[in-house]
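after the sequence you'll find the predicted model.
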Amino acid sequence: MHRFIQILFFLLLFVSLPVQSQKREKRSVVRLETNMGNIRIALSDQTPKYRDNFLKLVGRGFYDGIIFHRVIENFMIQAGDPLVRKNAICDTFDVNYTIPAEIVFPDLYHSRGSVAAAREPDDVNPDYESSASQFYIVWGEKMTPGKMKRSVSYLKGRGIELDRFMIDEYQVCGGSPHLDGAYTVFGEVIEGLAIVGEIQALPTDSKDRPLDDILIIRAVVEQLSENVSSLENK
């Protein structure tokens, strides 16, 4: 029965691809050119503050020369710390501000490939405000039924309910459900997820930094959604 559910899930996913592709073409898209390959990210129009801030930083060259400074296998890869640069193309500029939470759950959740904003812990940040520049790309493990059951129970305790589709996706594709409802998800990887997989599996030091630097050589805005007219005023 479990195998049947997996097959049905992928069939439904395959049938829906043409519609999803049309929707994705209307979103803002950013290409991260790394020394391991390109990662293309589509930004959600449901999180306009985070979308516009990310586009602003990309447009100003902030991410050119930034390193993926925190990598945890079977969890995520993180970049955007202005103090962790290598051969930066532009001068570092101040990003000493935070962005109010734009948590759009259940529409946006921590499935594999989701892009979300890093933030300080709850005890010093009860409003879930996020870093203006640091982001992470979710990898996450494929949840076993037992782990999924524990995650569902944990989330219910926080008032977060996962629907059947989310549960199936977390089990079949992977992700980090324990972060749902607590961090702002503002985009997703639409190309280059295999590169994310390679990066998350790299050996790291005691501080979770890859032993060999993984560099965002350049970040490029490929297209803007209908809701973003220009980068000039950002």
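Right, received. Where do you want to start?

all strands of the chain, in order?
With strands called from DSSP state E, the chain shows them at 28-34, 37-43, 66-72, 76-79, 98-99, 114-119, 130-138, 185-191, 215-223.

and the ones you listed: which comes nearest residue 174?
Nearest to residue 174 among the strands of the chain is strand 130-138 (8.3 Å), distances taken as CB to CB. Using the backbone N, CA and C atoms, a C-beta is placed for each residue, glycine as well.

the closest one pairs with which strands, parallel or anti?
Applying DSSP bridges, strand 130-138 is found paired with strand 76-79 (antiparallel), strand 98-99 (antiparallel), strand 114-119 (antiparallel).

adding distance to residue 105 and mean pLDDT, write the strands of the chain out as TSV.
Listed next are those as TSV, based on distance: least, CB to CB, whole Å; pLDDT from 0 to 100:
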stretch	distance to residue 105	mean pLDDT
strand 28-34	21	98
strand 37-43	17	98
strand 66-72	22	96
strand 76-79	18	98
strand 98-99	17	97
strand 114-119	11	98
strand 130-138	14	97
strand 185-191	8	98
strand 215-223	26	97
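
format the ones you listed as a markdown table; extra columns: mean neighbour count and distance to residue 198.
Shown next, in a markdown table, are these (neighbours: other CB atoms under 10 Å; distance: least, CB to CB, whole Å):
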| stretch | mean neighbour count | distance to residue 198 |
| --- | --- | --- |
| strand 28-34 | 21 | 10 |
| strand 37-43 | 21 | 8 |
| strand 66-72 | 21 | 11 |
| strand 76-79 | 24 | 10 |
| strand 98-99 | 18 | 29 |
| strand 114-119 | 24 | 17 |
| strand 130-138 | 23 | 12 |
| strand 185-191 | 22 | 13 |
| strand 215-223 | 17 | 14 |
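
follow-up on the earlier one: export the strands paired with strand 130-138 to CSV and tack on distance to residue 190?
Output for the strands paired with strand 130-138, formatted as CSV (distance: least, CB to CB, whole Å):
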stretch, distance to residue 190
strand 76-79, 16
strand 98-99, 23
strand 114-119, 10
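
between those strands, which one is nearest to residue 49?
Comparing those by CB to CB, strand 98-99 comes nearest, at 5.5 Å.

who's in contact with the closest one?
49-50, 53, 117, 119, 129-132, 184 (CB atoms under 8 Å, 6 or more residues apart in numbering).

figure out how far it is from the centre of its chain.
Centroid displacement of strand 98-99 relative to its chain, using CA atoms, centre = their mean, to the nearest Å, is 17 Å.

ok, now which ones touch the residue nearest to residue 30 when sequence neighbours are not counted?
Closest residue to residue 30 apart from its sequence neighbours, by CB to CB, 6 or more residues apart in numbering: residue 41 at 4.9 Å. Residues near residue 41 by CB under 8 Å, 6+ apart: 29-32, 115, 137, 187-190.

gap between the spatially most central residue of the chain and residue 152?
Using CA atoms, centre = their mean, the residue of the chain that lies closest to the mean C-alpha position is residue 115, 1.2 Å off. For residue 115, the distance to residue 152 equals 24 Å [CB to CB, to the nearest Å].

how about residue 203?
33 Å.

okay, the two: which has more neighbours?
Neighbours per residue (other CB atoms under 10 Å) separate residue 203 from residue 152, with residue 152 holding more: 18 against 9.
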